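> take this sequence and fold it.
(chains A and B)
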Amino acid sequence: MGQYLQRRVLVIFPTALAVVTLVFLTLHLAPGDPARIGLGQVATSEDIERAQDQLGLNDPLLVQYVRFLARLARGDMGNSFITHEPVAGLILSRLPVTLQLTFMAMLFSTLVGVSAGIVSAIRRNSAYDYLTLTAAVIGYCTPNFWLALLLILVFSVNLRWLPSLGKQALDPRYVILPTLSLSAPLIAIIARLTRAGMLEVINSDYVRTARAKGLAERAVIARHALRNALIPVVTVLGLQLGSLLGGTVVVETIFSWPGMGWLLFTGISQRDYPVVQGVVLFYSVVFMFVTLAVDLTYSYLDPRVRYEG
Amino acid sequence: MKDRPNNRAAGIEIDKNMPEFRLRAKLAEYWAIFQGNRLTSLGAAITLLFLLLAVIGPGIAPYDPNLAELRDRLQGPSVQHILGTDEMGRDVASRLLHGARISTGVALLSVGLAVVFGVALGATAGYFGGRWDMIAMRFVDVLLAFPSLILAIALISVLEPGVSSLIIAVSVTRLPTLARLARGSILATKEFDYVLAARCIGVSHRLILLRHLLPNAISPLVVQATLSTGGAIIHAATLGFLGLGVQAPTPEWGAMLSRGRTYTTVAPHVVLFPGLAIALFVFGLNSFGDGLRDALDPMLRRLAR
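From the prediction side, this is the model:
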């Protein structure tokens, strides 16, 4: 265990550095002069030159790179070209919204997906099972921006039950539609995996033993079968966090939620590269560490992983 | 021992008919995929239908996709316009048919690029091992460290907007899985005796990779590529929806949704049909891919990890 953990943790640092370098290089190659974007169309050429000097754009690439790293280490991601606010501050102010959305989607899809999967497995080949499987297939194929628009159409426009955009702190009505549109594919995946996992373990010897010793069916499922059936679900949750984070860009943009996804979207449309750079870095670093955490949890749950290669 | 000449004769006999036998065996194998699995057949049929539409769609479209008739804007489905008209009075059905070629083309090209580069990277890494394997796989790790849509958005934000940028961005997100899969397949087969035998008679590394090792990796790669295409369609449409993909007035499905979005309340058909097209195509590809996987390669999941 110790060795596996060590190797996984050690590898993440060079990978993170490579990610940072890649993002730096990519945005360095971006079209458009940052000094000009920051000053707008009316700037004179002297203004632009002065700004270029101030931003250090005339220094050699290596110098800029080292300076970029040194600033990043202090948590300084530069300032927005448009509003001139520090990017780190912008991200931190938008972070809670995205965290809330992602967290709600994870929780919701796990609850719904796991329960639907269990019931489906217990009542295999029943009408309920087919219904769940069909819903799962549909949920998995539906692009989340389309689902969001359909939900708005049904629940906001036609039924007028829920608001179609905006976010009010602590008003649950604003949370339902964005959470639902973000979590649909994940619910589908989790339901299918839970069903498959349950079907696999439900016929195994240890479950039969548990039944034979007279344990109530509920306890057999909850205490014995479910534990092993859920191992793949844990991995998938970690892997799918990537699609959830990507999905926040779309969902936040559609529902006008002031989170990081929306920040990224507006950053791109305004060619505000420091913001784009900061948000992309932030998303990937969070994703990397969560993936690591999931891998470690997985190796704890399933000892076989630790001993492989 | 006595039977030996007989056996050899039989062997030669089989050799002669080999191509025909092989073909028949292959066909039987493929046929078995569809037999008794309605979902796979349905998926394959839908996939074929969309591929067909991508080829002949623009030809059978009743109207010019960019012909704006402002008097007829946002009309519901009718006899003249079976799927209605959009916010500029353009025929939605015609735009969808033209869009089929764009969406399919973008998805196929980006997956194709990802297959070529991913397999080249993964296969050489697995085959040669050592430092190159290290470098190639760390590169793949770095790509996997980004949430895939975020990576595509970041790439596209620095490239000139347009179809080729879209294809590149989507293809980079598809590459890591294919590279890992190719590497896994090569690692699993490169120690076999027939590879050693080929080496001994002086076959070059290139030929061993191309002729002896890669053909064995074809089935899992085909499966993964099929499943990957569904994801590529969704990614391309999402980027189009965010205004980062194919630019207006080109009738790409995601971009159509993006423009139609403002008119959701008055003309729901403008957002309904393009989304339906995307979902249906992805459903076809995924069901087909799932069926292929179950039939051809039960080991795929293990290798891809």
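
> how close does the residue nearest to the spatial centre of chain B get to B:Ala279?
Centrality entry for chain B: nearest residue to the mean C-alpha point is B:Thr229, 2.9 Å, by CA atoms, centre = their mean. For B:Thr229, the distance to B:Ala279 equals 14 Å [CB to CB, to the nearest Å]. Where C-beta positions appear, they are placed from N, C-alpha and C, glycine not excepted.

> what's the answer for A:Ser156, then?
A:Ser156 is 21 Å from B:Ala279, by CB to CB.

> more neighbours, these two?
Neighbours were counted for A:Ser156 and for B:Ala279 using other CB atoms under 10 Å in any protein chain shown; B:Ala279 has more, 20 against 17.

> name the nearest residue to the residue in the stretch 101-250 of chain A that chain B sits nearest to, sequence neighbours excluded.
Of all residues in the stretch 101-250 of chain A, the one sitting closest to chain B is A:Gly246 (2.8 Å; CB to the nearest CB). Closest residue to A:Gly246 apart from its sequence neighbours, by CB to CB, 6 or more residues apart in numbering or on different chains: B:Leu149 at 2.8 Å.

> so the one you found is in which element?
helix B:148-158 (DSSP states H and E).

> for that helix, packing partners?
Applying 3 or more CB pairs under 8 Å, 6 or more residues apart in numbering or on different chains; DSSP states H and E, one finds that helix B:148-158 contacts helix A:2-28, helix A:231-255, helix A:260-269, helix A:273-301, helix B:163-189, helix B:214-241.

> how far off helix B:163-189 does the second one point, in degrees?
Spelled out, that is helix A:231-255. For helix A:231-255 against helix B:163-189, the angle by axes from the mean of the first three to the mean of the last three CA atoms, to 10 degrees is 180 degrees.

> ignoring the adjacent residues along the chain, who's closest to B:Leu227?
Counting by CB to CB, 6+ apart, the residue nearest B:Leu227 is B:Gly289, at 3.9 Å.

> roughly how far does that neighbour sit from A:Glu85?
Taken as CB to CB, the span from B:Gly289 to A:Glu85 is 46 Å.

> what's the pLDDT at the closest residue to chain A within the stretch 201-305 of chain B?
Using CB to the nearest CB, the closest approach of the stretch 201-305 of chain B to chain A is made by B:Gly275 at 3.3 Å. B:Gly275 is assigned 87 on the pLDDT scale.

> kindly report the same for the one 4 residues further on.
Reading off the confidence values, B:Ala279 has pLDDT 90.

> equivalent analysis for A:Ile91, please.
90.

> quick check: it vs A:Thr102, distance?
14 Å.

> for A:Ser126, same thing?
Counting by CB to CB - A:Ser126 and A:Thr102 are separated by 34 Å.

> same deal with A:Asn144?
A:Asn144 is 13 Å from A:Thr102, by CB to CB.

> residues near residue 102, how many?
This is for chain A. 24.

> not what I meant, chain B
With other CB under 10 Å as criterion, B:Ile102 counts 24.

> for A:Leu90, give me its contacts.
The contact partners of A:Leu90, by CB atoms under 8 Å, 6 or more residues apart in numbering or on different chains, come to A:Ser80, A:Thr83, A:Leu263, A:Val275, A:Gly278.

> try it again at 10 Å.
A:Met77, A:Asn79, A:Ser80, A:Thr83, A:Met260, A:Leu263, A:Gly267, A:Asp272, A:Pro274, A:Val275, A:Gly278, A:Val279 (CB atoms under 10 Å, 6 or more residues apart in numbering or on different chains).
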